[in-house]
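Chemist: Build the 3D model from these lines:
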Amino acid sequence: MEYNSQESELNPELFEMVRSGKLSAEKIIALIEIKHTVDRFACSKYTAEKTMEDLKNRFGVYPDIITWGDYFQTEIGSMYFDKTDEEFRKIADTIHFDLISSHLIFSGKPDYFRDKVRGDALFSKSFNSDLLSGQDEENIHLEILLDYFENMNLDKKPLSLSDRRWYEGFGSQKLAM
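Modeler: Residues are numbered from 1 along each chain as shown. Coordinates of the predicted model:
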């Protein structure tokens, strides 16, 4: 395959937003960091090889969204471009934190644990969003972390020492605020 997702630090899907001034330099840096962080954790592609080849054969080019980093970068850039640079940085840090949390929570856990997480989330999602308790919100968030873990195959590589240190520092930084 000819496609290399590292060719561009910023996904082409976001170029028009850059041209129109919707993404500041700080946001672009955060988006590049999101891509690198997510791709470092993910052990699978967002778009399957066969799908990419089918799209290339059909349209003559590969899609712009190949890796999980591409996906997160374009989603965050498109959805949150109107946030302040500081809020945008917090979103990027939260993604990093959630990927590490997902790895720590679900690595080595049996299927029944994952099934319970899915069941609890399904129950919590049955309520009107205005009626969700803190526990319901936590159940739903835990299912999102489980989706990250399973879809990105996060258990295929161990957490780095630097990620563990960052995670511990992030937690203590939040407590100090």
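Chemist: Give me the below-cutoff pLDDT ranges for the protein.
Modeler: 1-8, 171-177 (pLDDT under 70).
Chemist: Find the residue closest to the spatially most central residue of it in space, skipping its chain neighbours.
Modeler: Within the chain, one residue has its C-alpha closest to the average C-alpha position: by Cα atoms, centre = their mean, that is F72, at 5.0 Å. Using Cβ to Cβ, 6 or more residues apart in numbering and skipping the chain neighbours, the partner closest in space to F72 is V38 (4.7 Å). C-beta here means a position set from N, CA and C on the backbone, and glycine is covered the same way.
Chemist: for E33, same thing?
Modeler: A92 (5.8 Å).
Chemist: Touching, that neighbour and I28? I think so.
Modeler: No. Under the criterion of Cβ atoms under 8 Å, A92 is not in contact with I28, lying 11.4 Å apart.
Chemist: Neighbour count: those two, which is higher?
Modeler: More neighbours surround A92 than the other of A92 and I28, with 21 against 17 (other Cβ atoms under 10 Å).
Chemist: how much space between the more buried one and S107?
Modeler: To S107, A92 is 23 Å away according to Cβ to Cβ, to the nearest Å.
Chemist: Also E53?
Modeler: 32 Å.
Chemist: May I have the longest helix seen in the chain as PDB, with CA atoms only?
Modeler: Secondary structure of the chain per DSSP state H: the longest helix is helix 85-106. Output of helix 85-106 as PDB, limited to C-alpha atoms (Å, rounded to 0.1, in the frame of the first residue of the first chain):
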ATOM      1  CA  ASP A  85      -7.100  27.500  23.100                       C
ATOM      2  CA  GLU A  86      -7.100  26.500  26.800                       C
ATOM      3  CA  GLU A  87     -10.300  24.500  26.500                       C
ATOM      4  CA  PHE A  88      -8.900  22.800  23.400                       C
ATOM      5  CA  ARG A  89      -5.700  21.800  25.300                       C
ATOM      6  CA  LYS A  90      -7.900  20.300  28.100                       C
ATOM      7  CA  ILE A  91      -9.700  18.200  25.500                       C
ATOM      8  CA  ALA A  92      -6.400  17.000  24.100                       C
ATOM      9  CA  ASP A  93      -5.200  16.100  27.600                       C
ATOM     10  CA  THR A  94      -8.500  14.400  28.400                       C
ATOM     11  CA  ILE A  95      -8.100  12.100  25.300                       C
ATOM     12  CA  HIS A  96      -4.600  11.100  26.500                       C
ATOM     13  CA  PHE A  97      -5.900  10.500  30.000                       C
ATOM     14  CA  ASP A  98      -8.800   8.500  28.800                       C
ATOM     15  CA  LEU A  99      -6.600   6.200  26.600                       C
ATOM     16  CA  ILE A 100      -4.400   5.500  29.600                       C
ATOM     17  CA  SER A 101      -7.400   5.000  31.900                       C
ATOM     18  CA  SER A 102      -8.900   2.600  29.300                       C
ATOM     19  CA  HIS A 103      -5.700   0.600  29.200                       C
ATOM     20  CA  LEU A 104      -5.400   0.400  33.000                       C
ATOM     21  CA  ILE A 105      -9.100  -0.400  33.600                       C
ATOM     22  CA  PHE A 106      -9.600  -3.100  31.000                       C
END
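Chemist: Thank you, goodbye.
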